[in-house]
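Participant: need a structure here:
(one chain, ligands or ions: 2)
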Amino acid sequence: MNRDWIATAKTLSQALPYLQRYADATVVIKLGGHAMGSDEAMDEFARDVTLMRQVGVNPVIVHGGGPMINSMLERLNIQSEFVDGKRVTDAETMEVVEMVLSGLVNARIVQAISEQGGRAVGLSGKDSGLIVCEHEDPRLGLVGRPTRVNPRILRDMADKGIIPVIAPLGMGDGGETFNINGDTAAGAIAAALKADRLLLLTDVAGVKNAEGDVLTELTAAQIREMVVDGTIAGGMIPKTETALEALEGGVRAAVILDGRAPNACLLELFTEHGAGSIIRKG
Ligand SMILES: Nc1ncnc2c1ncn2[C@@H]1O[C@H](COP(=O)(O)OP(=O)(O)O)[C@@H](O)[C@H]1O
Ligand SMILES: CC(=O)N[C@@H](CCC(=O)OP(=O)(O)O)C(=O)O
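Facilitator: Ligands and ions are numbered 1, 2, ... in the order given. Model prediction:
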């Protein structure tokens, strides 16, 4: 018999304990704009998510789209700047952010999952009272900090076998729209669902130390130290902040991993090998 088929059967057999461990688990996956790359990578991600659902996991997708927002702002000649990894958002920028996240990025992910045979439905934090926000910092304009997350709609969707795909927008108490960093939104949702895993997919293999080596396990204390000494910088700041807040909020473990690596999510959940940097409570 062809050896590849034997290897496939063996792989499936070896995955059994992991499939059992994650049966009915809730896994929140943040797909960063940098991890979205090519159509092939998107198709593979969609296939992995569809497979997860097929074997009884409840995947919840929260996406970013920073690079896509940047290119649309450039086309419209609108300047944009970041403070500590978050986009300063005025009313004009907010319109573009919403248009790109809900109109382009969200729709692309939903379509990719549908093409793999999964049932995906796109929504944003503004739908069904999912994420209510307040102003995070006066310097950032319409950037929201989630104050209340109502995950009921997500539970209803999971019960029906639907994979939610969520754009990181929120609603203020006065009905205004807020831009939420994708990592922050994913962490808040993971905490509200008391998720078993929060997977933060990005474009690096994990959190690196000052020598550039990926740390496979990290503690909260290590993270705080690395933020203070500047080893963790830029977009990695909201990511690690999110991981810590999610753990405080009741998530069992958070993992920062390379979304461009082949079958990144499956590798992390269903093999002994794991992937990226894992941060556990403690
Ligand atoms: N200590 C670190 N380890 C790994 N990446 C880091 C670190 N400090 C800063 N970074 C930067 O953070 C980036 C990931 O954040 P970001 O670009 O916002 O990703 P995404 O768009 O996937 O959310 C990496 O590409 C890297 O340039
Ligand atoms: C407040 C804030 O910074 N919002 C982000 C939302 C998108 C995002 O988080 O995209 P990535 O995950 O691809 O970086 C932004 O405007 O770029």
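
Participant: Next, Thr50: secondary structure please.
Facilitator: Of the three states, Thr50 takes helix under DSSP: H, G, I helix; E, B strand; the rest coil.

Participant: how about the nearest residue to it, chain neighbours excluded?
Facilitator: Closest residue to Thr50 apart from its sequence neighbours, by Cβ to Cβ, 6 or more residues apart in numbering: Gly118 at 3.6 Å. Every residue, glycine included, has its C-beta placed from N, CA and C.

Participant: Any idea how many residues pack against the one you found?
Facilitator: 22 (other Cβ atoms under 10 Å).

Participant: show me what contacts it?
Facilitator: 46, 49-50, 53, 163 (Cβ atoms under 8 Å, 6 or more residues apart in numbering).

Participant: For the residues you listed, which entry has the maximal number of neighbours?
Facilitator: Most neighbours among the contacts of Gly118, by other Cβ under 10 Å: Val49, with 27 neighbours.

Participant: quick one: pLDDT of that residue?
Facilitator: The score at Val49 is 97. That number is its pLDDT.

Participant: Ile113 versus the residue in the stretch 101-250 of the chain positioned nearest to ligand 1, what's the distance?
Facilitator: For the stretch 101-250 of the chain and ligand 1, the shortest gap (Cβ to the nearest ligand atom) falls at Gly235, measuring 2.0 Å. Gly235 sits 25 Å away from Ile113, going by Cβ to Cβ, to the nearest Å.

Participant: So if I had to pick from the two, which one is more boxed in?
Facilitator: Ile113 (25 against 22).

Participant: can you tell me the helix or strand for that one?
Facilitator: Ile113 is part of helix 106-115, with elements assigned from DSSP states H and E.

Participant: quick revisit: farthest-apart pair in the contacts of Gly118, please.
Facilitator: Ala46 and Arg53 (10.8 Å; Cβ to Cβ).

Participant: quick one: stretch 73-91 near ligand 2?
Facilitator: Yes - contact of stretch 73-91 with ligand 2 (Cβ under 6 Å from any ligand atom) involves 86-87.

Participant: how much distance is there from that stretch to the middle of the chain?
Facilitator: On the basis of Cα atoms, centre = their mean, to the nearest Å, stretch 73-91 sits 21 Å off its chain's mean C-alpha point.

Participant: Can you list the neighbours in contact with it?
Facilitator: Applying Cβ under 8 Å, 6+ apart, the set of residues contacting stretch 73-91 from outside is 66, 69-70, 92-93, 96-97, 136-137, 139-143, 179, 181, 234-238.

Participant: Dump that stretch to CSV, keeping only the CA atoms.
Facilitator: In CSV, the C-alpha atoms belonging to stretch 73-91 read as follows (Å, rounded to 0.1, in the frame of the first residue of the first chain):
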residue,chain,number,x,y,z
LEU,A,73,-6.4,54.7,4.2
GLU,A,74,-3.4,55.3,1.9
ARG,A,75,-5.6,55.1,-1.2
LEU,A,76,-7.9,57.7,0.3
ASN,A,77,-5.0,59.9,1.4
ILE,A,78,-5.8,59.7,5.1
GLN,A,79,-2.8,59.8,7.5
SER,A,80,-2.8,57.2,10.3
GLU,A,81,-0.6,56.7,13.3
PHE,A,82,-0.3,54.1,16.1
VAL,A,83,0.3,54.6,19.8
ASP,A,84,1.5,51.4,21.7
GLY,A,85,0.3,49.2,18.8
LYS,A,86,-3.2,50.9,18.6
ARG,A,87,-4.5,53.1,15.8
VAL,A,88,-5.4,56.7,16.6
THR,A,89,-9.0,56.7,15.2
ASP,A,90,-10.9,59.9,14.4
ALA,A,91,-14.4,59.8,12.9
